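**Q** Next comes the sequence, and after it the predicted model I'd like to discuss.
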Amino acid sequence: MTNLWHRLEPLLPQVSKPARYIGGEHGMQTPVHGPGIVSWLLTYPDTYEIGLPNQGLQILYEILNERPDAAAERAYAPWVDLEAQMRAEGLPLFSVDTHRPAALFDVIAFNLSAELTYTNVLNCIDLAGVPVHSRLRHEADPLIGAGGHCTYNPEPLADFVDFVVLGDGEEAVGDITEVLRDWKTSGRAGGRSGVLRALARVPGVYVPSMYEPVYDRGRLAAMEPRHPDVPAVVEKRTVADLAEWPYPKRQLVPLTEVVHDRLNVEVFRGCTRGCRFCQAGMITRPVRERPAEQVRTMVSEGLRRTGYDEVALTSLSTADFSGIEQVVASTVDDSGCGQVSVSLPSLRVDAFTVGIAAQIQRARRTGLTFAPEAGSWRMRQVINKLITEDDLYAAVESAYSQGWRRMKLYFLTGLPTETDEDTLGIAELARNCVALGRGHVRSPSVTVSVGGFVPKPFTPFQWFGQNTTVELRRKIGLLRDGVRRARGVQLKWHDAAASLAEGLASRGDRRLGGVIEHVWRHGGTFQEWSEHFDLQRWQAAADACGIDIDSWVHRHRTFDEVLPWDHLSAGLHKDFLWQDWRDALDEVGLEDCRWTPCYDCGACTGYGVEHVVASAVPPAGGSQGTGVDLSRGAEIPVRLLERPLVGAAR
Amino acid sequence: MTGTRIRVRFAKHGKVRFTSHRDVARIWERSLRRAAVPVVYSAGFSPRPKIAFGLALPTGYSSDAEYLDAEVDPAWAAGIDNERLVGALTASLPTGMTTLAAAEIASGEPSLQHAVTSCTWRIDAAGADATEASEAVSRAMDAGELLVQRERKGRLTIDDIRPAVHAVEVQANITDGVRLIAELATQPRAVRPAELLASLRPPPGGRAAGERFVPVPPSLLRACRLHQWITTDAGERREPLAVSELGERREPPAVSEASVVGAGVGP
């Protein structure tokens, strides 16, 4: 039975939002399966609405389906109501493309974008009818793979996944397909362990079962390869030139509502602003811009093909893209596309100008979000988000002057060295922004969104002991008091309890697998959803596994401590990260290396790749991370042959 | 800009019938853009394409008689061939949605929401007995009132739907149940096929009083809207856009109806 639709169909009238299980999107593919073809089930371990827009998954979907030796379909975690029905009826996890049972695929590959989806990964494996423990799987079972940002510490899932891909997947999925194709055509020579051994030799592929953790007095002491041909350190994969990968070419257009429901065009990958809390910026170096002409082509063809009337130019900091104003202008001017609005989902305030504001509001004003991240200049030097208050006010004023009445500001709390003064600075910034707005529009408003900081692997803050939930809640309480009488300021915050579970999974070692399994077996799925999250369940699981949450989450690490991801590499030298951590504690900022001399973090030099940027100078406006007013010239003075002391420059 | 109004009739069958009324609106906006139909946008802070949809089809039901009115660029409309437009629209729609007819309508033509007075439904009640069903329908049509419990804005009400049930015909021609062809009024409030079935009672002395004669929950019945009707002031009945009048050949549903089992009761 290779099509489960006739069994699924009678269940759909009884569940919420049944359209998320029917497939049929514009751009969907229905690939042919066969003996010489490696079949991939690309699975997002959260709901369809969250997972469908994921660009990484869509890119690999197209690249694999273009190969004659591969077939790729998609699956998403069924919501709890359908899951209950599926379990009652014995219906397994299925692809939405051809409603093929998950267990018939050669590979079930998960996108790991958030730690709190880990219990859903186990649930999806189980719903597929595959043993959740990799050691219990048989030769005929699919291989369970994973990719995405969380795989830079895959140890919490090490017992459940067969292989993990570090870094860009565009080339790696082809290499893996070839290994699996040869293995299948050889009659599965060497069995399951044989193919895993072969996969461990593919650059960028980590096979957890090929490594033995060694513990010393309750602490991880080493991760030792079990075989001589297994690399001692697995290096990430990096695509050198984004221009060679103009994907997705046929972005999926869903039939029902999803998040980020618009055309998404990635304008560059990587970021070297060097924000110390930001894992994405650290692990995706160097900066690789897509040529502006290719961006324009992807936008205009994408709009025509999909029928969308909104396009997002995506990256970690889109205002840094060389020539961003011209690209936005040409997008809005392309009369063949009708009324098109442009959104720039990730904006640095020091690179946001009246020019950009004027361009993006010509068709329809999209939401505007800025991320100052911290409330004081001191705190922003610690985290290396080197934007001044003037940068923020200039950006906010640009937006208000162009007619925006509301905007969102993102902040973190629980940062290293944070004082109550720093925290309360958030409220003051928000009040001042609203006051600026009163000069331009009626009843301006600012929504302040505050998240509890969770330290991530391969960042300078990986050694930092996370704030306790009590401390995070106290700080949020301070802020609530701080904005209570501030008209026009709305405060939103993330649940501190969820930050604790996220912190546990973020830096845990292999022993955390027991906790994740325990939470899952006690009904803890969809942990990203506040209505399903319960910290009690995590605490009970940690107790059952003998894990001291305090020591795993809140303890500061030392330089000599073995970290659970030390046998993996994002290219960054550990001593570079450590020096950056010391600089953070000294309140010393570090400028963007895309336009200034190299600090030898290791990401370029280690892999023989370089920044790909069209402009030798940063975009106009603001201070560009220097703390100096650059609004006239747009050129950072290259005076920095040694480690710059931005703090001292002020 | 005031555009030329065109009315489109379309069908919805197969997997895509699990999309909601709002989903269908979004699907049409994008399909019209993919087909390069120059729909007129509203003015104001957040311009929207001027497309008006008729009565909502409950999620899970299929249909041969869905409608929309769109305002398009008059210069473009003057040069368009209806038959080619029908083909172009179907090509840009997802599998399961088919354009059946398209034609310009007068600018003064009342909106679909206001004009449509009743719908003809094909309702398949799996597991029902034909004789029992015929008796239940006869009794219902002879009854002075047909009371059903409804929820309106979170409050339960008891409504008499008898005046809204214009006709019900029982056909015993499906393998595992009974097929009803029913004409149900849409005003002042549309009667849903599930509500009609809920109002039909088993014969006296048969099963327990109050029990539905259909032994399946209403969420499991399948229904297809066959027609929407406009009753003119002269008392005549016409369709907002008749397929036959325009000489369009109706395409068979893209997905076989034989596989269709379930249908929801809607939002």
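**A** Yep, it's here. Residues are numbered from 1 along each chain as shown, chains lettered A, B, ... in the order given.
**Q** quick one, helices of chain B?
**A** Under the criterion DSSP state H, chain B contains helices at B:21-34, B:74-78, B:82-92, B:112-115, B:130-142, B:193-199.
**Q** how about the last one against chain A, any contact?
**A** No - for a cut-off given as C-beta under 8 Å from any C-beta of the partner chain, helix B:193-199 has no contacts with chain A; the smallest distance is 10.5 Å. Backbone N, C-alpha and C define where each C-beta goes, glycine included.
**Q** Now do the same contact list for residue B:92.
**A** Under the criterion of C-beta atoms under 8 Å, 6 or more residues apart in numbering or on different chains, the contact partners of residue B:92 comprise A:307, B:31-32, B:34-35.
**Q** hang on, residue A:462 in a strand?
**A** No - with the criterion set as DSSP: H, G, I helix; E, B strand; the rest coil, the secondary structure at residue A:462 is helix rather than a strand.
**Q** surely it meets residue A:559?
**A** No - counting by C-beta atoms under 8 Å, residue A:462 sits too far from residue A:559 to count as a contact (10.9 Å).
**Q** Identify whichever of the helices of chain B lies nearest to residue B:12.
**A** Each of the helices of chain B was scored for nearness to residue B:12 using C-beta to C-beta, and the closest is helix B:21-34 (7.2 Å).
**Q** Show me what that closest one packs onto, helices and strands only.
**A** Helix B:21-34 sits against helix A:292-306, strand B:51-53, strand B:62-72, helix B:82-92, with contacts defined as 3 or more C-beta pairs under 8 Å, 6 or more residues apart in numbering or on different chains; DSSP states H and E.
**Q** how many neighbours does whichever residue of chain A sits closest to chain B have?
**A** Closest approach between chain A and chain B, counting by C-beta to the nearest C-beta: residue A:307, at 3.2 Å. Residue A:307 is flanked by 22 other residues according to other C-beta atoms under 10 Å in any protein chain shown.
**Q** Which residue comes closest to it once chain neighbours are left out?
**A** Of all residues beyond its chain neighbours, the one nearest residue A:307 is residue B:30 (3.2 Å), with distances taken as C-beta to C-beta, 6 or more residues apart in numbering or on different chains.
**Q** My read is that that neighbour contacts residue A:27, right?
**A** No - no contact is recorded between residue B:30 and residue A:27 when judged using C-beta under 8 Å, the distance being 11.5 Å.
**Q** Between those two, point out the one with more neighbours.
**A** Remark: of residue B:30 and residue A:27, residue B:30 carries more neighbours, 20 against 16, as counted by other C-beta under 10 Å.
**Q** So which residues of the stretch 251-400 of chain A form helices?
**A** According to DSSP state H, counting those that start in this stretch, the stretch 251-400 of chain A carries its helices in the segments A:279-283, A:292-306, A:324-333, A:354-360, A:377-382, A:389-401.
**Q** Make sure residue A:7 is indeed in a helix.
**A** Yes - Residue A:7 forms part of a helix when assessed by three-state DSSP.
**Q** quick one: contacts for it?
**A** With contact set as C-beta under 8 Å, 6+ apart, residue A:7 has these partners: A:89, A:91.
**Q** What separation is there between it and residue A:80?
**A** 19 Å (C-beta to C-beta, to the nearest Å).
**Q** Residue A:481 now?
**A** Taking C-beta to C-beta as the criterion, residue A:481 is separated from residue A:80 by 37 Å.
**Q** Compare those two (neighbour count), which wins?
**A** When residue A:481 is set against residue A:80 and neighbours are counted by other C-beta under 10 Å, the residue ahead is residue A:80, at 17 against 11.
**Q** pLDDT wise, what is that one at?
**A** Listed pLDDT for residue A:80 reads 98.
**Q** That one and residue A:524 touch, don't they?
**A** No - taking contacts as C-beta under 8 Å, residue A:80 lies outside contact range of residue A:524: 11.5 Å.
**Q** Give the residues shared as contacts by those two.
**A** Overlap between the neighbourhoods of residue A:80 and residue A:524 consists of residue A:532, taking contacts as C-beta under 8 Å, 6+ apart.
**Q** quick one: contacts for the residue of chain A closest to chain B?
**A** Shown here is residue A:307, whose contacts under the criterion C-beta under 8 Å, 6+ apart are A:26, A:253, B:29-34, B:92.
**Q** same check, this time on residue B:227
**A** Residues counted as contacts of residue B:227 (C-beta under 8 Å, 6+ apart) are B:64-65, B:119-120, B:239.
**Q** What subset of these is buried?
**A** Buried subset of the contacts of residue B:227 (neighbour count, 16 or more other C-beta atoms under 10 Å in any protein chain shown): B:64-65, B:119-120, B:239.
**Q** So which of these is the closest to residue B:224?
**A** Top of the list for closeness to residue B:224, among those and by C-beta to C-beta, is residue B:64 at 6.7 Å.
**Q** Under the pLDDT cut-off, which ranges of chain A? List them.
**A** Where chain A drops to pLDDT under 70, the residues are A:1, A:334-338, A:353-354, A:361-366, A:616, A:618-650.
**Q** How is chain B divided into domains?
**A** Annotated domains of chain B cover B:4-109, B:116-231 [automatic domain parsing].
**Q** Repeat that for chain A.
**A** Looking at automatic domain parsing, the domains of chain A come to A:5-235, A:262-494+A:568-577.
**Q** what about the last one, how long is it end to end?
**A** Using C-alpha to C-alpha, to the nearest Å, the end-to-end distance of domain A:262-494+A:568-577 comes out at 37 Å.
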